[in-house]
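Undergrad: Quick one: sequence and predicted model below, then my questions.
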Amino acid sequence: MNDSPAQVVTPLAGPHPAAAGGPGFVLRAQDVHKTYWMGRVRVPVLRGVSLDVQRGEFVAILGASGSGKSTLLHLLGGLDRVDRGKGRVEYRGRDLSTLSSGEQDGYRSRAVGFVFQFYHLLPELSVLENVLVAAMVRWGRWGYRSRRAELRARAGDLLGAFGLGHRLTHRPGELSGGERQRVAIARALVNGPDVLLADEPTGNLDRKTGGEILDVMLGHRAEQRGTLVMVTHDPEVAAKADRIVRLLDGKVVGAAGAA
Amino acid sequence: MYQSLLNRRYLTSKVMPLLAASAVMLCTAMVLVVWSVMGGFLSMLLVSGRALIGDVTITWPTSGFSYYDDLATRLEADPMVEAASPTIETFGLISLPDGRRDGVMIKGVDGPSYNRVTGYADTLWWRPLDRPLRKDAKRQDPRLEARDADLLRRLYEGGLVLREIERGSDREKGPLGRRPAIVTGIEVTGFNYRAPEGYYLPARRRFAKADGSDEFVGGFMPTQSLTLTVLPLNQRGGAIDVVARKLPVANEFRSGLYEIDRKTVLIELGELQRMLRMDAARGLAGGIDRYAIERRDSQPAGAGEASGGTEFFPEPRTTGDQPARITTLLVKAKPGFSPDQLSRRCEEIYATFAAAHAGEVPPAEAMRTGGQIATWEARHADMIAAVKKETGLVLFLLGFISLTAVFLILAIFWAMVSEKTRDIGVLRAIGAGRAGVAWLWLRYGLAIGVIGTIGGGALAYAVVLNINSIHEWMGRALGFQIWDPKVYYFTDIPSKVDLDKAVIVLLGGVLFSVAGALWPAVRAARMDPVRSLRFE
């Protein structure tokens, strides 16, 4: 069950629209609304947010707690859906809401990679297994088995590049916060996603370690010319982005290039 | 793929799955052990019953039927029949050395043919043994004594032909020159103590006499004599008189069926026929009989009295020979033929036999419609059906109890899914689908089921193999006895591991585990990934 490689529909895997003369964005949110219910209370989180993310761009979404920045990230990453009929999120020109459940799973495993504030590593797995589990999901049983050596090498290379080559068999409980976050970044990158979606990746780390983590992500982005969308409430972190999108009470209140 | 990795890790890093597997293991083992014991009980009942009386019995109770030698010859000439043996079954009393009188089933048998039908020789207890019983590691069985080997051999031979055992002085007479004897069930006299290792030790018992003194009686019963009392019946079922006879004990037998070993006495067929007036006789009419003489002494002169006061007895007139009778003919099928097949064949053979002796033996129609030609199973159908129903009922109840394992697994899995909510969110975030997450937990339930049932199967096998040792240990250490042979027929707890049944139970255990995991798996699959990631 679910051991076949995660499905990705043709438009997601096809040529980039920019290459075909289309718009140069990878991700686009158009007038997105998202509402949650707290019991019987309706809580509007996003109220008509629009955002374009160009290929290779580093976009920082800056906002206070509760401004809706993580919700926007979840919508961009296909973890959640916009309110019915109220806006759309597109990846390479295709509306994510039109994707089937399996196609959405494929989108999350191939097109995007998530990095969370609290790392969210699986505590029973070793460092290497935590990275490989994303590849297992991506390729399924037989696909993974046929590429096992290649995938293990890639995971090992990533972890080695992040300074964790000597920690492959360790459990997350044996790592520091910074190390855990580097494992989480390796997990997000192991399938070579188009877009890295980071939700306050330095928020749970001290300034020095947070800076190192940021350097890791930016270094990788520069190397791979990848796209990075990062949610943060730290203006200093946001300042390193190509563009900053400010959210306040579920609305974009300003967008500007970094200083 | 990730499911297999996570299942392995969950299984080895948590206590709860071990608890769930233990629950499955215990439930599986419980059902398997009970089914094995009940199945063994039923199987042993059928096998023992067949061993005692053969595959088919042809019976005409009370008055019996004649010309049984002819019937046995006709049967044994049939390719379906291995052997046939004439017997008489009647109730009587046995008088024991300590003054007790006990009601017993007295069975007159022809030793050699009875052995061919039932394997009777194997049940004779007192005989030389080369190897000790399985549990008799200390070789304390008296039958192993080399110095008693000759006596035991003579007991065995005497038991086979139901004749008094050979002594030095009567060796030249041969067995038929010796007195008829009886062979009692090993539990009949109560003078045999059964050791936990399975052998018997003859025991003596203090007996208080009427004059106030006492003496020790009992001990080794073969070589002693016991009195049997029977009540002969005429052909109409009326009592004739009471016959008591003191007979030597040639041996004792143990069938393994407690009720048989406790209540059955075997006697040489001819002797029982004589006691019951069922032996061959010449019919006389108009002659002297004891009752007529008694009447003449007390009543006025009648038709037979000569004038002038001289007594006159007419010459008896021969009316015909009355052949010897038996009540039951035991028949054993040749290998490859079922008791039912043999039963039908016996009905056909009896029909030709009855036609040849029309008017002298019970008619074939009466035999057939009265169910007098029947397999042991058919004759005891009610008891066997009761045991089968009891087995079904017990299994149903245990199966129902085993449902608790389903709820236990459900509860454990529910808790684990709750504990792993954030992991589920992570898996969804990296692209795992709902079906994949559901399979993760179902597969986990499957793994626990497989581990639990394999453990349960192994545990059940170990228990069933050693069930009597465990039972004896419980008796010694804890002082209680679950299996009372007086209630359950057999002196040992029977058991039979049936592969088909074991597979059903093992598959049931796995199915129960997966069923227990089903709801939590669905719950895990339906979790909202965003909420799961925020779960604390």
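TA: That came through, no problem. What you see is a predicted model; the values in this text were computed from it and never measured. Numbers count the residues shown, from 1 in each chain, chains lettered A, B, ... in the order given.
Undergrad: For the stretch 151-259 of chain A, what lies in contact range of chain B?
TA: A:Arg187 (CB under 8 Å from any CB of the partner chain). Just so you know, the C-beta spots here come from the backbone N, C-alpha and C atoms, and that holds for glycine as well.
Undergrad: The stretch 151-259 of chain A: helices as residue ranges?
TA: Under the criterion DSSP state H, counting those that start in this stretch, the stretch 151-259 of chain A carries helices at the ranges A:177-189, A:207-224, A:235-238.
Undergrad: Of all the ones you listed, which one is nearest B:Asn115?
TA: Smallest distance to B:Asn115 across the helices of the stretch 151-259 of chain A (CB to CB): 80.0 Å, for helix A:177-189.
Undergrad: and the closest residue to chain B within the stretch 151-259 of chain A, what is it in contact with?
TA: For the stretch 151-259 of chain A and chain B, the shortest gap (CB to the nearest CB) falls at A:Arg187, measuring 7.0 Å. A:Arg187 makes contacts with A:Gly113, A:Leu121, A:Asn130, A:Val131, A:Val133, A:Ala134, B:Ile430, as judged by CB atoms under 8 Å, 6 or more residues apart in numbering or on different chains.
Undergrad: Name the SS class of the first one, please.
TA: Spelled out, it's A:Gly113. Look at A:Gly113: counting by DSSP: H, G, I helix; E, B strand; the rest coil, its state is strand.
Undergrad: how near is it to B:Ala415?
TA: Between A:Gly113 and B:Ala415 the computed distance is 31 Å (CB to CB, to the nearest Å).
Undergrad: The third one now?
TA: For A:Asn130, the distance to B:Ala415 equals 24 Å [CB to CB].
Undergrad: can you check B:Ser532 too?
TA: Distance check for B:Ser532 against B:Ala415: by CB to CB, it reads 16 Å.
Undergrad: and these two? which has more neighbours close in?
TA: A direct count of neighbours by other CB atoms under 10 Å in any protein chain shown for B:Ser532 and B:Ala415 places B:Ser532 higher, at 22 against 12.
Undergrad: Which residue is the nearest non-sequential neighbour of the more buried one?
TA: B:Gly425 (2.9 Å; CB to CB, 6 or more residues apart in numbering or on different chains).
Undergrad: what helix or strand is the one you found on?
TA: If you go by DSSP states H and E, B:Gly425 is part of helix B:421-429.
Undergrad: same check, this time on B:Pro86
TA: Using DSSP H and E, B:Pro86 sits within strand B:81-95.
Undergrad: in that strand, what counts as buried?
TA: When burial is assessed from 16 or more other CB atoms under 10 Å in any protein chain shown, strand B:81-95 yields the following buried residues: B:81-90, B:92-94.
Undergrad: middle-most residue in chain A, spatially?
TA: Nearest to the mean C-alpha position of chain A, counting by CA atoms, centre = their mean, stands A:Leu197 at 2.2 Å.
Undergrad: Kindly tell me how buried residue 207 is, as a neighbour count.
TA: Going with chain A. Residues near A:Arg207, counting by other CB under 10 Å, number 10.
Undergrad: Chain B, not that one
TA: Around B:Phe207 there are 16 other residues, counting by other CB under 10 Å.
Undergrad: contact partners of the helix holding B:Gly425?
TA: Helix B:421-429 is contacted from outside by A:77, A:79, A:108, A:114, A:116, A:120-122, A:133, A:137, B:2, B:417, B:436-437, B:440, B:524, B:527, B:529-536, using CB under 8 Å, 6+ apart.
Undergrad: How far away from the center of its chain is that helix?
TA: Taking CA atoms, centre = their mean, to the nearest Å, one finds helix B:421-429 lying 61 Å from the centre of the chain it belongs to.
Undergrad: Mind jotting down where the strands sit in the stretch 1-150 of chain A?
TA: A:25-38, A:41-54, A:58-63, A:88-91, A:94-95, A:112-115 (DSSP state E, counting those that start in this stretch).
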